[in-house]
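# What follows is a protein structure lacking sequence information:
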């Protein structure tokens, strides 16, 4: 079955970025009067999540350096709910895959799944938090603020410092309690859990991070504990404005070279592919993609292929890398079971793409609307077929950077790397 020619293009995206990460982190911490909040000898916990946040290792290292300069004793805690197989060891491995190590950050990593119950929400939901963080003299909550992949919040609290305080620091216990209520739990109940944590914990400050459309650090801001909710609501709007998207809304096939937890909490960002697959929740109106091919799984995911169920077709290469225990623990905790469904699995990219083309019902050759991306986190460069290029060729945001060619495969039947 003939494939259309395609060409590599560059998409101009919002590119405001922080030129010097370490200097900005230090300046931001100084702006919240760190010298009055931290005294010599105080043990201060820094939260580290499981997402692939740009420059996160350097941000953690610099925060630890600032704390040490004030005579404090910083340590890092994994704060990622049930990720890493919901084990202390697995969560340390997740941090290491992102460059967050004791050697690099100059601070010990203390990992435990043990929590303490510190109260309850007005709805009666018990509030759990990391025992090691609770026993510390203070906590700096660190996280990226972005649009969530499971819901749209009517109160402007989605993925950020509030979620980190509630689910990240609450470990597997709190993640299970909130996900038990489905979307209602993580959308409507999560902010109240976070409020209890912020009120009862000894929070030094928050460090909110916002990225631009090129997966670069665009903003770093230290936030006073009492201002975290309000400021996060404002920064979420900025994050949404900077968020990338595909250049067209209608596709026959989207080829995603790599899915993984480091690219999105859902393996593929649901906002990019226009799919949620959550029981009882409406699907986004756009984009409209007939088939999604997930070709490979990132090494940083450690076998957790949650999100594979968002695809229609996949490869043997990806499926062979799946750690069922790690993936199943994460998806069962989330309660969104469809996201771990394994789609039809073909031997390689060539067989998978041919199968997708077969399912297009009369659309062949140059008429097929196809885009190939590295991941949903990387939309700066992509391959587009002739039919897609015809729609975007006059856009000032699109620049051809390759030559027209028919896709070729290597000896194993896979597309070559970007």
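Arrived safely, thanks for sending. Since the model is a prediction, treat every value here as computed from it, not as a measurement.
# for the stretch 101-250 of the chain, which spans come out with low pLDDT?
Under the criterion pLDDT under 70, no range of the stretch 101-250 of the chain is flagged.
# what are the ranges of the strands in it?
For the stretch 101-250 of the chain, applying DSSP state E, counting those that start in this stretch gives strands covering 115-120, 126-130, 138-144, 203-211, 217-223, 250-259.
# Export the ones you listed as CSV, with columns for mean neighbour count and distance to residue 10.
The C-beta positions use only the backbone N, C-alpha and C, and glycine is treated the same way. Formatted as CSV, the strands of the stretch 101-250 of the chain follow (neighbours: other Cβ atoms under 10 Å; distance: least, Cβ to Cβ, whole Å):
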stretch, mean neighbour count, distance to residue 10
strand 115-120, 15, 46
strand 126-130, 24, 42
strand 138-144, 25, 24
strand 203-211, 25, 18
strand 217-223, 21, 19
strand 250-259, 24, 17
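# could I get those as a markdown table with distance to residue 324?
Below are these laid out as a markdown table (distance: least, Cβ to Cβ, whole Å):
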| stretch | distance to residue 324 |
| --- | --- |
| strand 115-120 | 26 |
| strand 126-130 | 27 |
| strand 138-144 | 28 |
| strand 203-211 | 31 |
| strand 217-223 | 34 |
| strand 250-259 | 16 |
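# For residue 190, give its distance to residue 287.
Going from residue 190 to residue 287 by Cβ to Cβ, to the nearest Å gives 27 Å.
# between the two, which one's more packed in?
Legend: neighbour count by other Cβ atoms under 10 Å for residue 190 and residue 287, higher for residue 190 (28 against 19).
# domain parsing for the protein?
6-13+245-400, 32-242 (automatic domain parsing).
# so what's residue 335 up against?
By Cβ atoms under 8 Å, 6 or more residues apart in numbering, the contact list for residue 335 reads 179-180, 182.
# Who wins on neighbours among the residues you listed?
The residue in the contacts of residue 335 with the most neighbours, by other Cβ under 10 Å, is residue 179 (22 neighbours).
# is it true that that residue touches residue 333?
Yes - in this structure, residue 179 is within contact of residue 333 by Cβ atoms under 8 Å, at 5.7 Å.
# My read is that residue 386 contacts residue 366, right?
Yes - counting by Cβ under 8 Å, residue 386 does reach residue 366; the two are 4.8 Å apart.
# neighbouring contacts of stretch 258-267?
With Cβ under 8 Å, 6+ apart as the criterion, stretch 258-267 contacts 50-52, 83, 94, 97-98, 149-150, 159, 268-270, 294-298, 300-301, 304-308, 310-311, 318, 339, 374-378.
# Stretch 391-404 too?
Residues contacting stretch 391-404 (Cβ under 8 Å, 6+ apart): 5-13, 247-248, 381, 383-384, 386, 389.
# let's see it at 6 Å
5, 7-12, 247-248 (Cβ atoms under 6 Å, 6 or more residues apart in numbering).
# again, but for stretch 50-66
Identification of contacts with stretch 50-66 by Cβ under 6 Å, 6+ apart yields 21-22, 25-26, 29, 46, 48, 74, 80, 83, 94, 98-100, 104-107, 144, 211, 215-217, 261-262.
# Show me how far stretch 293-312 is from its chain's centre.
13 Å (Cα atoms, centre = their mean, to the nearest Å).
# can you name the two of the contacts of stretch 391-404 that are farthest apart?
Farthest apart among these by Cβ to Cβ are 5 and 12. That separation is 23.0 Å.
# one step back: now intersect the contacts of stretch 258-267 with the helices, please.
Those of those mapping onto helices are 94, 97, 270, 318, per DSSP state H.
# Counting neighbours, what do you get for the closest residue to the first one other than its chain neighbours?
Nearest-residue entry for residue 94: residue 84, 4.4 Å, with adjacent residues in sequence omitted and distances by Cβ to Cβ, 6 or more residues apart in numbering. The burial count assigned to residue 84 is 27, neighbours taken as other Cβ under 10 Å.
# try the one 5 residues further on
By the other Cβ under 10 Å criterion, the neighbourhood of residue 89 contains 10 residues.
# swap in the one 4 residues further on?
Summarising burial for residue 93: neighbours were counted as other Cβ under 10 Å, giving 15.
# before we move on, what about residue 2?
Counted with other Cβ under 10 Å, residue 2 comes out at 10.
# Same check on residue 373?
Neighbour tally, residue 373, other Cβ under 10 Å: 23.
# is it possible to export the domains of the chain to CSV including distance to residue 416?
Converted to CSV, those look like this (distance: least, Cβ to Cβ, whole Å):
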stretch, distance to residue 416
domain 6-13+245-400, 10
domain 32-242, 22
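# Centre-most residue in the chain?
The residue lying closest to the centre of the chain (Cα atoms, centre = their mean) is residue 264, at 3.2 Å.
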